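# below are the sequence and a predicted model for it; my questions follow.
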Amino acid sequence: MTLSDPESFASLDAYFRAANYLTIGQIYLLDNPLLREPLRAEHIKPRLLGHWGTSPGLNLIYAHLNRVIRRDDLNVLFMAGPGHGGPAVVANTYLEGTYSETYPNLSQDLAGMRRLFRQFSTPGGIPSHVSPPTPGSIHEGGELGYVLTHAFGAVFDNPDLIVAAVVGDGEAETGPLEGSWKGISFLNPCRDGAVLPILHLNGYKISGPTVLGRSSDEAVAQLLRGHGYEPRFVSGDEPLKVHAKFAVALDEALLEIRAIQTSARARGSVNARPPWPVIVLRTPKGWTGPAEVDGLAVAGTFRSHQVPVSEVRTNPEHLAILERWLQSYRPAELFDEQGKLRPELAALAPSGKRRMGANPHANGGQLSVPLKLRPITEYALAVPSPGQELHESTRQLGQMLRDIYRDNPDNFRLFCPDETNSNRLGAVFEAEQRCLVAAPVPDDDHVSPDGRVMEVLSEHNCQGWLEGYALTGRHGLFATYEAFALIVASMATQHAKWLEACTELPWRSPVPSLNYLLTSTCWRNDHNGFSHQGPGFMDTVLSKRGTVARIYLPPDANCLLSVADHCLRSKNYLNLVIIDKQPQLQWLDLESAKQHCARGASIWEWASVDGGRAPDVILAAAGDTATLETLAAAAWLREKAPTLRVRVVNVVDLMTLFTPTAHPHGMPEDRFSALFGLDTPVIFAFHGYPGTVHQLLHGRPNPQRFHVRGYQEEGTTTTPFDMVVLNQTSRFHLVIEALRRVAHPPAEANLLSDECHEILRKHAAYVRENFQDMPEIRDFSWRRG
Ligand SMILES: Cc1ncc(C[n+]2csc(CCOP(=O)(O)OP(=O)(O)O)c2C)c(N)n1
Ligand SMILES: [Mg+2]
């Protein structure tokens, strides 16, 4: 094969035609898969669903990647940014044989092809995107913008892997995609693999033109060079010529990748970001499809985005267009009598695990090695008596993460938008550096191209890198400000959907969970105020299926360690852990913490005053600040209303509040009533929005007896106690509510409520005068006895 000679690409072009044919077959055909009889309306699906426009580009790229994988024995993962080109990737995995190996009834023959076509975008079949059922995929591409961030995540610590990542020109307009070009500044060619972006400028999004599609090559080149890439352009609309040009560009790009890696690995280090290659491919949208339908141009326009000819069942002219279109690929030359791809074409695909649909990294659970975790006793705080000492709980976790780095040198990464220190996780820098592939400057603090602490001020990249890292079988934690986790609420939703869909596919091995640590919470954003006060991410996770979603609100350091240990061992979950980084009272010794976390929620006997009898009122808490206020309220009542029987319940695993039918962690009814009674009033102090708890309690006995206090969008830059006062969640609000709700209020109830109101008035005046909380608040500790 001479790369410069278009004619030498005849068989590769045949493969490309086969993929295009199968793509269209999936979108349109119910029957008559190889057009062995004239096409009739009854051969056409009643509902035409899918996306043709992006597909020929994906098919071209896939075919060319096959060529170089086979030639050079490369380890390549394919990611389609425009994941709406699902039928194209399915077509290719079918052609290379992985589809039939994964789903034996979709055999490589006429009957199998018929089923392949019928299953696409039909009830009981497969979705239209590059979804979990597609072998070789870890990127759905439904929500556009994440292909590069996933690609970088997949190649970190995978030195042998190349991800070919197709970026749509519409997708390139998204914020996350624009931010993800920066991945190369965090990619160390000595120890990481490579990402080859292929920017596919087919000119259009759904119905409008694209910015880059309408930009000159020079403008696009400047943009990409500015991002640190060296672009190569391929354009055209004659397949053979495009093949020749694309082959040259791909070969050169791979040579560059190899040169970058070889020289960096020979030196053993890098101190500047090398210019990584990118291919810019300009081919028409819906290329090789019908030029015109009903007098309107289709190929090369936005009209090819989905289904270019749509009235095929009712309009004989449309039917004829479709038939001509399908025949234009000359299927009889491509498939044999049995409907199998002809052997000389099948030989163009790589074999075994080198096939992109069979790449083991795309089924990362198979490769996953469990983390080495030391016993958490090494990081535990001694808590001889509850509520006596203040500690920054996340510091203990920082020590645990430090040792995880030490013991798992290529299997774990922390992702964080530059808050590792501020989140008190700084102990990791005793073992690991921040990553930046750039020349260091003297005042850098633990920054190195060899670093593996991933600090990038892009929550999208933190999330996307961790998704890519975890889906390829490795472990990680994303630590971020609570309010700004909402930036990735949509990505988290997509990842949850991915995991949810995977649980229904036995061939997909479970992958390490996606772990979040939300610190700098709404209650203690002392420096920042209102913009930084938002606990809403919890509600995003709460809405996901119980098979994948977990939320933990450890009240102190030892509970945090227990929860973290559990999460880092778990698979296929979104684990959300919320705890603040500020000094906080410590409640449980490690053993009690472990038991509490294992139960998910328990009565804190030592804080309860019920003499073993049914309580008058239950004070419940979920969250660190909520726990503090609840215990302070319990202490106050113990002193001021000693006859009142008060039970204190703490909830660390929020999902236990759900009924067992709503969530697998949901407490059975007898356990729930053992904690919360059947008709006892419950004053529930909550970390997040009060409505969240009400939602969880649906279906529990007498849910109206739960009176929930929590964050209600009140806040500013103020003192910690003023925050709980502003949100009516302070100890005094809890006391007032408890006295109001008990069936038989103690004689002194009214006086005590008045006293609470008086203290709240005093507080308001005090903080405005003294700019700090009153001494009795600042110095609160749990009284023994
Ligand atoms: C974040 C996001 N916004 C909007 C959409 C709706 N959408 C689906 S396809 C598409 C156009 C994509 O254009 P492009 O990336 O150029 O892909 P291609 O032209 O290859 O189809 C849009 C806007 C989406 N899927 N994701
Ligand atoms: Mg486009």
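Good, I have the coordinates. Residues are numbered from 1 along each chain as shown. Ligands and ions are numbered 1, 2, ... in the order given.
# you'd agree G451 is up against E432?
Yes: counting by C-beta atoms under 8 Å, E432 is a contact partner of G451 at 6.2 Å. Glycine gets a C-beta too; all of them are placed from N, C-alpha and C.
# and the chain, which residues reach ligand 1?
Residues of the chain lying close to ligand 1 by C-beta under 6 Å from any ligand atom are 53-54, 82, 84, 142-145, 168-171, 174, 200, 202, 204-206, 210, 285, 305.
# got a quick ChimeraX command for the buried subset of those residues?
ChimeraX command restricting those to the buried ones, with burial defined by 16 or more other C-beta atoms under 10 Å:
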select :53,54,82,84,142,143,144,145,168,169,170,171,174,200,202,204,205,210,285,305
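# tell me how far the residue nearest to Q463 when sequence neighbours are not counted lies from K182.
Nearest non-adjacent residue to Q463, counting by C-beta to C-beta, 6 or more residues apart in numbering: V488, 4.1 Å away. Separation of V488 from K182 (C-beta to C-beta, to the nearest Å): 16 Å.
# now P681
53 Å.
# in the stretch 1-150 of the chain, where is pLDDT below threshold?
Low-confidence segments of the stretch 1-150 of the chain (pLDDT under 70): 1-4.
# which stretches in it count as strands?
75-80 (DSSP state E, counting those that start in this stretch).
# repeat for the stretch 501-650 of the chain
Along the stretch 501-650 of the chain, the segments classed as strands by DSSP E, counting those that start in this stretch run 514-519, 549-552, 574-578, 583-585, 601-603, 617-622, 646-651.
# now the ones you listed as TSV including mean pLDDT and mean neighbour count?
Output for those, formatted as TSV (pLDDT from 0 to 100; neighbours: other C-beta atoms under 10 Å):
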stretch	mean pLDDT	mean neighbour count
strand 514-519	96	26
strand 549-552	97	25
strand 574-578	98	24
strand 583-585	97	20
strand 601-603	97	21
strand 617-622	98	28
strand 646-651	98	25
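# quick one: which of those is nearest ligand 2?
strand 514-519 (29.3 Å; C-beta to the ion).
# okay, that closest one in CSV with CA atoms only?
The C-alpha trace of strand 514-519 is given here as CSV (Å, rounded to 0.1, in the frame of the first residue of the first chain):
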residue,chain,number,x,y,z
LEU,A,514,-16.6,7.4,41.8
ASN,A,515,-15.9,8.9,45.2
TYR,A,516,-16.7,12.5,46.1
LEU,A,517,-15.5,14.4,49.2
LEU,A,518,-17.4,17.6,49.6
THR,A,519,-15.7,19.9,52.1
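# what's the angle from it to strand 574-578?
Angle of strand 514-519 versus strand 574-578, following axes from the mean of the first three to the mean of the last three C-alpha atoms, to 10 degrees, is 10 degrees.
# ok, how many other residues are close to A194?
Neighbours of A194 under the rule other C-beta atoms under 10 Å: 27.
# same check, this time on P384
7.
# hang on, it packs against D589?
Yes: P384 is within contact range of D589, at 7.3 Å (criterion: C-beta under 8 Å).
# low-confidence stretches in the stretch 651-785 of the chain?
Applying pLDDT under 70 to the stretch 651-785 of the chain flags residues 784-785.
# which residues of it fall in strands?
Going by DSSP E, counting those that start in this stretch, the stretch 651-785 of the chain shows strands at 682-686, 706-709.
# can you tell me what sits against the longest one?
Contacts with strand 682-686, where a contact means C-beta atoms under 8 Å, 6 or more residues apart in numbering, come from 617-623, 626-627, 629-630, 633, 649, 676, 692-693, 705-711, 729, 734, 737-738, 741.
# quick one, it and strand 646-651 angle?
40 degrees.
# I'd like the distance from strand 682-686 to the chain centre, please.
A distance of 31 Å separates the centroid of the chain from that of strand 682-686, by C-alpha atoms, centre = their mean, to the nearest Å.
# direction included, what does that strand pair up with?
In its sheet, strand 682-686 lies beside strand 617-622 (parallel), strand 706-709 (parallel), with partners assigned from DSSP bridges.
# kindly report the residues of the chain close to ligand 2.
168-170, 202 (C-beta under 5 Å from the ion).
# tell me which of the residues you listed fall in strands.
G168 (DSSP state E).
# F412: which of the residues of the chain next to ligand 2 is nearest?
Of all the residues of the chain next to ligand 2, G168 has the smallest distance to F412: 32.2 Å, by C-beta to C-beta.
# just give the nearest non-adjacent residue to R647, would you?
P615 (3.8 Å).
# neighbours around the one you found, how many?
23.
# hang on, isn't it packed against R645?
Yes: when contacts are counted by C-beta under 8 Å, P615 is listed as touching R645 (4.5 Å).
# how about the helices in the stretch 51-200 of the chain?
Using DSSP state H, counting those that start in this stretch, the helices found in the stretch 51-200 of the chain span residues 55-72, 86-96, 98-102, 110-119, 147-155, 175-180.
# got JSON lines for those, with mean neighbour count too?
Listed next are these as JSON lines, based on neighbours: other C-beta atoms under 10 Å:
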{"stretch": "helix 55-72", "mean neighbour count": "24"}
{"stretch": "helix 86-96", "mean neighbour count": "29"}
{"stretch": "helix 98-102", "mean neighbour count": "21"}
{"stretch": "helix 110-119", "mean neighbour count": "20"}
{"stretch": "helix 147-155", "mean neighbour count": "30"}
{"stretch": "helix 175-180", "mean neighbour count": "21"}
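# re the thing from before, count of neighbours near the residue nearest to Q463?
26.
# that's a strand at it, yeah?
No: inclusion of V488 in a strand is not indicated when DSSP: H, G, I helix; E, B strand; the rest coil is applied; the result is helix.
# touching, it and W465? I think so.
No: using C-beta under 8 Å, V488 is not in contact with W465, being 11.4 Å away.
# compare G451 and E432 (neighbour count), which wins?
Taking other C-beta under 10 Å, G451 and E432 do not tie; E432 has more neighbours (23 against 19).
# so for A607, which of the helices of the stretch 51-200 of the chain sits nearest?
helix 147-155 (43.4 Å).
# alpha carbons of that closest one, as PDB, please.
The C-alpha trace of helix 147-155 is given here as PDB (Å, rounded to 0.1, in the frame of the first residue of the first chain):
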ATOM      1  CA  VAL A 147     -14.700  13.100  25.200                       C
ATOM      2  CA  LEU A 148     -11.300  14.500  25.800                       C
ATOM      3  CA  THR A 149     -11.600  14.600  29.600                       C
ATOM      4  CA  HIS A 150     -12.600  11.000  29.600                       C
ATOM      5  CA  ALA A 151      -9.800  10.200  27.200                       C
ATOM      6  CA  PHE A 152      -7.200  11.800  29.400                       C
ATOM      7  CA  GLY A 153      -8.500  10.000  32.500                       C
ATOM      8  CA  ALA A 154      -8.300   6.700  30.700                       C
ATOM      9  CA  VAL A 155      -4.600   7.100  29.700                       C
END
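# so how far is V280 from E173?
Distance from E173 to V280, counting by C-beta to C-beta: 15 Å.
# check A764 too.
Distance from A764 to V280, by C-beta to C-beta: 62 Å.
# V649: what's its closest spatial neighbour, skipping adjacent residues?
The shortest distance from V649 to any residue other than its chain neighbours is 4.3 Å, reached at A620 (C-beta to C-beta, 6+ apart).
# the one you found touches V646, doesn't it?
No: using C-beta under 8 Å, A620 is not in contact with V646, being 11.0 Å away.
# weed out the non-buried ones from the contacts of strand 682-686.
Counted by 16+ other C-beta under 10 Å, these give 617-623, 626-627, 629-630, 633, 649, 676, 692-693, 705-711, 729, 734, 737-738, 741 as buried.
# now do the helix ranked longest in the chain: which elements does it pack against?
The single longest helix within the chain, with elements called by DSSP state H, is helix 239-267. Counting contacts by 3 or more C-beta pairs under 8 Å, 6 or more residues apart in numbering; DSSP states H and E, helix 239-267 is packed against helix 10-28, helix 55-72, strand 194-200, strand 229-235, strand 276-282.
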